[in-house]
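Chemist: Please find the sequence and the predicted model below.
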Amino acid sequence: MFQEKLLLIPGPSPVVPRILDVLAKPTVSHVGPDMVRDIKEACENLKKIVFCENGEPFIISGAGTLSMEMAILNTAGPGDRVLVLSQGYFGQRMAQICLAFGLEHDVLESEWGKAVTAGELEQRLRAKNYNVVVCTHVDTATGACAPVEDYASVLDKAGSLFIVDGVCATGGVPERMDAWGIDVVLTAAQKCLGTPPGLSILVLSEQAMEKRRSMAAVPAYYSDLLRWLPIMHDPSKYFSTPCVNEVRAFAEATRIILEEGVEERFERHDLHAEAIRSGLAALGFSFFTDPDYLAATLSVVRYPDGIDDKAFRVGLFENGVVVAGGLAQTLGQVFRMGHMGNLSSAQVKFAIGAVEKTLQGCGFRFKPGSGSEAVNKVLKA
């Protein structure tokens, strides 16, 4: 018999029944009134989620990597210099995108588990001018959350366009586009926003759109945001057929976020991160990420001595919870647990209970119930 597992990888995140119900509705015309209404509402809601009053939102069929590519191609062209602030695996992907399209770029890289500081960015900008600076807000390989507001303050003085990769942050960690001076937030549907994978999502500031309009062309067709702009303004027009059900489910996801309250959602992410880490620490686990850079959306967890990575993750799966292994240099040394999106306190408690069962199955000695006790203390349950 099929047993549903609690999906706590660094995305996709669990999808609540209310969103699944919309996803399962009959497919409607991609230019019909139902679709028009949902795209328009989703765009307006998206601007509220990233605190952008006059920006241009884009909701396009594709993965988060497409969002990354679109953000770069529509703001940087021949003669422009791009600086990539890399906290880990996905910062390097941004550099690879620049390389693939022949864009002049440099990488300012931090140690894994930490982030580039605003001071390091400022020092680099004294040595060289950049038209575009891009950073990963939360790197899903390292669990590091970058000081985006501090970067924005530095870049405001430099005059560079600022792109934030919010794939593992948007909707779970504050990204205040107007107040901070962010020019592009790019993300995807399946992490903090709580929808199944399938959508590339961007919001561009007026300054970023002006930059795109000033460019004669971009080396892309589908990824050219000027081809999509008329569709975002009037979804009854046609450019390319979107994944209709996914877009409608995303619209429902944005309603859920605004009903909860964006600020309240950030607070819940902080609370669940604290609860999960408290529970894991009480059981003998530690964390890969530097404490100054811990993200509210996922944890990269080191094993106590004597616990085998594969055996633990297999056992945890059998106990009802799915987590991810490490990437690159952390492979076999850590597991990555997502705690984002529409995750409930009951699911947090279940997850730590499953970890306790798994440790027992591995023959690890610990005080039974200590993890759950620590979680309940944080959640005040």
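Modeler: The structure has been received and is ready for your questions.
Chemist: make it CA atoms for all contacts and neighbour counts henceforth
Modeler: Fine.
Chemist: Show me the contact partners of the lengthiest helix in the chain.
Modeler: The helix that spans the most residues within the chain, counting by DSSP state H, is helix 262-282. Applying C-alpha atoms under 8 Å, 6 or more residues apart in numbering, the contact partners of helix 262-282 are 49, 171-174, 257, 286, 296-299, 339-340, 345, 348, 352, 370-376, 378-379.
Chemist: Just the helices from the stretch 51-200 of the chain, written as ranges.
Modeler: Using DSSP state H, counting those that start in this stretch, the helices found in the stretch 51-200 of the chain span residues 64-73, 89-100, 118-127, 148-158, 177-180.
Chemist: I'd like those as JSON lines, with mean neighbour count, distance to residue 313 and mean pLDDT appended.
Modeler: Compiled in JSON lines, these are given as follows (neighbours: other C-alpha atoms under 10 Å; distance: least, C-alpha to C-alpha, whole Å; pLDDT from 0 to 100):
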{"stretch": "helix 64-73", "mean neighbour count": "23", "distance to residue 313": "26", "mean pLDDT": "97"}
{"stretch": "helix 89-100", "mean neighbour count": "18", "distance to residue 313": "22", "mean pLDDT": "93"}
{"stretch": "helix 118-127", "mean neighbour count": "14", "distance to residue 313": "37", "mean pLDDT": "97"}
{"stretch": "helix 148-158", "mean neighbour count": "18", "distance to residue 313": "33", "mean pLDDT": "95"}
{"stretch": "helix 177-180", "mean neighbour count": "17", "distance to residue 313": "38", "mean pLDDT": "98"}
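Chemist: would JSON lines of the ones you listed with distance to residue 204 be doable?
Modeler: As requested, the helices of the stretch 51-200 of the chain are arranged in JSON lines below (distance: least, C-alpha to C-alpha, whole Å):
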{"stretch": "helix 64-73", "distance to residue 204": "9"}
{"stretch": "helix 89-100", "distance to residue 204": "18"}
{"stretch": "helix 118-127", "distance to residue 204": "22"}
{"stretch": "helix 148-158", "distance to residue 204": "15"}
{"stretch": "helix 177-180", "distance to residue 204": "9"}
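Chemist: closest to residue 238 out of those helices?
Modeler: Residue 238 lies closest, by C-alpha to C-alpha, to one member of the helices of the stretch 51-200 of the chain: helix 64-73, at 19.3 Å.
Chemist: So what touches that closest one?
Modeler: Contacts to helix 64-73, defined as C-alpha under 8 Å, 6+ apart, come from residues 94, 97-98, 163, 165, 167, 184, 186-188, 199-202, 218-220, 223-225.
Chemist: rewinding a little: how about the longest helix of the chain, which residues are buried there?
Modeler: Neighbour-count burial for helix 262-282 flags 262, 265-266, 268-270, 272-282 (criterion: 16 or more other C-alpha atoms under 10 Å).
Chemist: chain center to it: distance?
Modeler: The chain centroid and the centroid of helix 262-282 are separated by 16 Å, computed with C-alpha atoms, centre = their mean, to the nearest Å.
Chemist: cool, stretch 50-65 as well?
Modeler: The chain centre lies 13 Å from the centre of stretch 50-65; the measure is C-alpha atoms, centre = their mean.
Chemist: Spell out which helix or strand contains residue 358, please.
Modeler: Applying DSSP states H and E as the criterion places residue 358 in helix 345-361.
Chemist: Quick check: next helix or strand after that helix?
Modeler: Taking DSSP H and E as the definition, the helix or strand that follows helix 345-361 towards the C-terminus is helix 370-379.
Chemist: Would you confirm that residue 28 belongs to a strand?
Modeler: No: read with DSSP: H, G, I helix; E, B strand; the rest coil, residue 28 is coil and lies in no strand.
Chemist: now the closest residue to residue 178 other than its chain neighbours: how far from residue 184?
Modeler: With sequence-adjacent residues excluded and distances taken as C-alpha to C-alpha, 6 or more residues apart in numbering, residue 178 is closest to residue 52, at 5.3 Å. Computed as C-alpha to C-alpha, to the nearest Å, the residue 52 to residue 184 distance reads 10 Å.
Chemist: out of these two, which sits in the busier spot?
Modeler: Relative neighbour count places residue 184 above the other of residue 52 and residue 184, with 28 against 24, counting by other C-alpha atoms under 10 Å.
Chemist: Please name the bridge partners of the more buried one.
Modeler: Counting by DSSP bridges, residue 184 is bridged to residue 163, residue 204.
Chemist: Pretty sure it sits against residue 203.
Modeler: Yes: at 5.7 Å, residue 184 counts as touching residue 203 under the criterion of C-alpha atoms under 8 Å.
Chemist: where along the stretch 151-300 of the chain do the strands fall?
Modeler: Counting by DSSP state E, counting those that start in this stretch, the segments of the stretch 151-300 of the chain that form strands are 161-165, 184-188, 199-204, 286-287, 298-302.
Chemist: Quick one: distance of stretch 286-302 to the chain centre.
Modeler: Mean-position distance between stretch 286-302 and its chain equals 15 Å (C-alpha atoms, centre = their mean).
Chemist: which residues touch the spatially most central residue of the chain?
Modeler: Central residue of the chain (C-alpha atoms, centre = their mean): residue 168, 1.5 Å from the mean position. Listed by C-alpha under 8 Å, 6+ apart, the contact partners of residue 168 are 10, 11, 137, 138, 139, 140, 187, 191, 192, 297.
Chemist: rewinding a little: whichever of the contacts of helix 262-282 end up buried, select them in ChimeraX.
Modeler: To isolate the buried subset of the contacts of helix 262-282 in ChimeraX, counting by 16+ other C-alpha under 10 Å, use the following:
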select :49,171,172,173,174,257,286,296,297,298,299,339,340,345,348,352,370,371,372,373,374,375,376,378,379
